[in-house]
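A.B. asks: Sequence and computational prediction follow.
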Amino acid sequence: MINKPLLKPKSNNFITKDINNDIKNYDHDNLINFNNYNNNNNYANYLSVAKFWSLNDVRYMRAALALAQLGATNDEVPVGAVLVHNDKIIGEGFNKPISTCDPTSHAEIAALRSACISLQNYRLPENTTLYVTLEPCTMCLGALIHARLSRLVFATHEPRAGVVGSQLNLLEKGFYNHKIDVNNGLLKSHSQQILKSFFRNKRNQKNKNSY
């Protein structure tokens, strides 16, 4: 099948279009002080410790974390994702299978749909990076391979069902016809804090309802 030529995106009306100014609006539960990283000096402080990550890596993972928190406010498991090409967000999403009654509506899938519809192409442009706050599952990784993602950056592992190193490492299998570069651990504690707080609140709510 011949791949369609890339078209100009139909819209740039992404939630995270202005990361430095708007991202703090999603810190609804004050789980993360995003303002700590709102200027280059604070980014530099983080990067001096991390050493591996670029300024843009941190910025875009922060965008994904903001989307994860937005999902939490909708009572969805807080996972967020952004797709970036040429230093621009081309797709974004957060978990919403419950609210959409769609079991495939994971953050990665939502970001892929957003980008591919905007670009009018079922495949991503070369050198596209996905920033996602949790290690992908089998379904999402398969979709990323089909979309020809170039690079995957995830914040924290999913020990129960992650397939990029936790339960399996499917990208090391030789039967796929596409390879994805993977990095992980960026803002790991931030993602873990959002997830832990969400599930703690769910448990507390369940215990109250049981009385």
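C.D. replies: Nice, I can see it.

A.B. asks: Could you check the pLDDT of the nearest residue in space to L134 that is not next to it in sequence?
C.D. replies: Excluding the flanking residues, the one nearest L134 by Cβ to Cβ, 6 or more residues apart in numbering is V79, at 4.7 Å. To be clear about C-beta, it is placed using only N, CA and C from the backbone, and glycine gets the same treatment. At V79, the predicted lDDT confidence score is 98.

A.B. asks: contacting residues around V79?
C.D. replies: Counting by Cβ atoms under 8 Å, 6 or more residues apart in numbering, V79 makes contact with 68, 71, 94-95, 106-107, 132-134.

A.B. asks: do the same with L149
C.D. replies: Contact analysis of L149 by Cβ under 8 Å, 6+ apart lists 124, 128-130, 180.

A.B. asks: Next, give phi and psi for it.
C.D. replies: In this entry, L149 is assigned phi and psi values of phi -60, psi 140 (degrees, to the nearest 10).

A.B. asks: How about the one 10 residues further on?
C.D. replies: Geometry field for P159 lists phi and psi as phi -60, psi -20, criterion degrees, to the nearest 10.

A.B. asks: I figured it hits S166, correct?
C.D. replies: Yes. Between P159 and S166 a contact is recorded at 5.1 Å, counting by Cβ atoms under 8 Å.

A.B. asks: Bridged to V82, which residues?
C.D. replies: Beta bridges link V82 to E92, Y131 when assigned by DSSP bridges.

A.B. asks: packing partners for the top helix by length along the chain?
C.D. replies: With secondary structure taken from DSSP state H, the chain has its longest helix at helix 188-210. Under the contact definition 3 or more Cβ pairs under 8 Å, 6 or more residues apart in numbering; DSSP states H and E, helix 188-210 sits against helix 55-73, strand 129-134, strand 151-156.

A.B. asks: try 7 Å
C.D. replies: Other helices and strands packing on helix 188-210, by 3 or more Cβ pairs under 7 Å, 6 or more residues apart in numbering; DSSP states H and E, are helix 55-73, strand 151-156.

A.B. asks: Would you mind listing the buried residues in it?
C.D. replies: By neighbour count on 16 or more other Cβ atoms under 10 Å, the buried set for helix 188-210 is 190-191, 194-195, 197-198.

A.B. asks: same deal with stretch 85-105?
C.D. replies: 85, 89-96, 105.

A.B. asks: contacting residues around it?
C.D. replies: Residues outside stretch 85-105 that contact it (Cβ atoms under 7 Å, 6 or more residues apart in numbering): 9, 14-17, 56, 63, 67-68, 70-71, 74-84, 106-107, 110-112, 114-115, 118-119, 125, 127-128, 139.
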